[in-house]
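>>> one predicted model, sequence on top.
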Amino acid sequence: MECPHCQSQKVIKQGRDSLNDGTLVQRYQCKESKKRFNERTGTPMARLRNDSQVVAYALNARTEGMGVRAAGRTFGKSHTTIMRWENRIAQKAQH
Ligand SMILES: [Zn+2]
């Protein structure tokens, strides 16, 4: 296990976290950067979960009338990313 923040291998176990869906994940603290994280942090899975949340918020804001550039700024993504998400979801809806 390495720290997702500074890639240090000097991490110590700090008990367990339970996620919203009830899964237990090992919690760690990095001895170098003192950051806390769990085994899902920094994995593609964690990134995907975060992103899909951001996508949901951003697209919701878009349906509320927020412009694509404003949505990008608000959610820390480029407007091309927002448009890509919209296209992807539009394509899914057609099938
Ligand atoms: Zn670290």
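It's in. These figures come from a predicted structure and were not determined experimentally.
>>> up against the ion, what does this protein have?
Within the chain, the positions near the ion by Cβ under 5 Å from the ion are Cys3, His5, Cys6, Ser8, Cys30, Glu32, Ser33. C-beta coordinates here come from the backbone N, C-alpha and C atoms, glycine included.
>>> and if we set it to 8 Å?
Proximity of the chain to the ion, by Cβ under 8 Å from the ion, involves residues 3-8, 10-11, 30-35.
>>> among these, which ones are buried?
Cys3, Pro4, Val11, Cys30, Ser33 (16 or more other Cβ atoms under 10 Å).
>>> so which helix or strand of this protein has the lowest pLDDT on average?
Each helix and strand of the chain was given a mean pLDDT (mean pLDDT, DSSP states H and E); the minimum falls on helix 44-63 at a mean of 74.
>>> how about residues contacting the following helix or strand past it?
Next helix or strand after helix 44-63 toward the C-terminus (DSSP states H and E): helix 68-74. Outside helix 68-74, the residues that touch it by Cβ atoms under 8 Å, 6 or more residues apart in numbering are Ala58, Ala61, Arg62, Met66, Lys77, Ser78, His79, Thr81, Ile82, Met83, Glu86.
>>> pull out the buried positions in helix 68-74.
Buried-residue list, helix 68-74, by 16+ other Cβ under 10 Å: Val68, Ala71, Gly72.
>>> quick one: these as TSV, columns for pLDDT too.
Below are the buried residues of helix 68-74 laid out as TSV (pLDDT from 0 to 100):
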residue	pLDDT
Val68	94
Ala71	92
Gly72	91
